[in-house]
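Colleague: predicted model follows, preceded by the sequence.
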Amino acid sequence: MGLQATIKDDLKVAMKAKDSDRTWALRVLIGEFGRQLEKELSDDQVVAIVKKLIKSERELLAAQGKEESPFLAVMECYLPRAVSEEEVRQWIVANVDFSAYANRMQAMKPIMAHFGSAADGNLVKKVLQSLS
């Protein structure tokens, strides 16, 4: 079962439990699915949508002077576990040959391809800069 189907099932559970915050957040997310060209989305596409919604919610909260909301709590539970800085560092040391690149930042593409949505680009950049 894909992440999109899991979210739709979670909406049913939230509605039965009368969890209004969770129901509302999942309806917003499913509404975003409906705006996509394809009906069935890959897990990576779903994660990208969740990240976009989280980013816009954080911007809205920052404008209001707040930090947390029930919407953020619901959305964040659908993100994959993020890799730690140490995991990124270990993988880079073991798998990246910097002699093949003119500078260290050119190694971002294969690193991000390996970790996918589990790694934040800013974290990878920070690790690459610290390896100098």
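Modeller: It's in. Residues are numbered from 1 along each chain as shown.
Colleague: from here on, contacts and neighbour counts on C-alpha atoms
Modeller: Will do.
Colleague: longest helix of this structure?
Modeller: Longest helix in the chain by number of residues, with DSSP state H as the criterion: helix 43-64.
Colleague: now for that one, which elements pack on it?
Modeller: helix 3-16, helix 20-34, helix 70-76 (3 or more CA pairs under 8 Å, 6 or more residues apart in numbering; DSSP states H and E).
Colleague: again, only this time at 6 Å
Modeller: Judged by 3 or more CA pairs under 6 Å, 6 or more residues apart in numbering; DSSP states H and E, helix 43-64 has no packing partners among the helices and strands.
Colleague: okay, it in CSV with CA atoms only?
Modeller: In CSV, the C-alpha atoms belonging to helix 43-64 read as follows (Å, rounded to 0.1, in the frame of the first residue of the first chain):
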residue,chain,number,x,y,z
ASP,A,43,5.5,8.0,-2.5
ASP,A,44,8.2,10.6,-3.5
GLN,A,45,5.5,12.8,-5.1
VAL,A,46,3.4,12.5,-1.9
VAL,A,47,6.4,13.4,0.3
ALA,A,48,7.1,16.5,-2.0
ILE,A,49,3.5,17.7,-1.5
VAL,A,50,3.7,17.2,2.3
LYS,A,51,7.0,19.1,2.4
LYS,A,52,5.5,22.0,0.3
LEU,A,53,2.5,22.2,2.7
ILE,A,54,4.8,22.1,5.7
LYS,A,55,6.9,24.9,4.3
SER,A,56,3.9,27.1,3.6
GLU,A,57,2.4,26.4,7.1
ARG,A,58,5.8,27.4,8.7
GLU,A,59,5.8,30.6,6.7
LEU,A,60,2.3,31.4,7.8
LEU,A,61,3.1,30.6,11.5
ALA,A,62,6.2,32.8,11.3
ALA,A,63,4.1,35.7,10.1
GLN,A,64,1.7,35.2,13.0
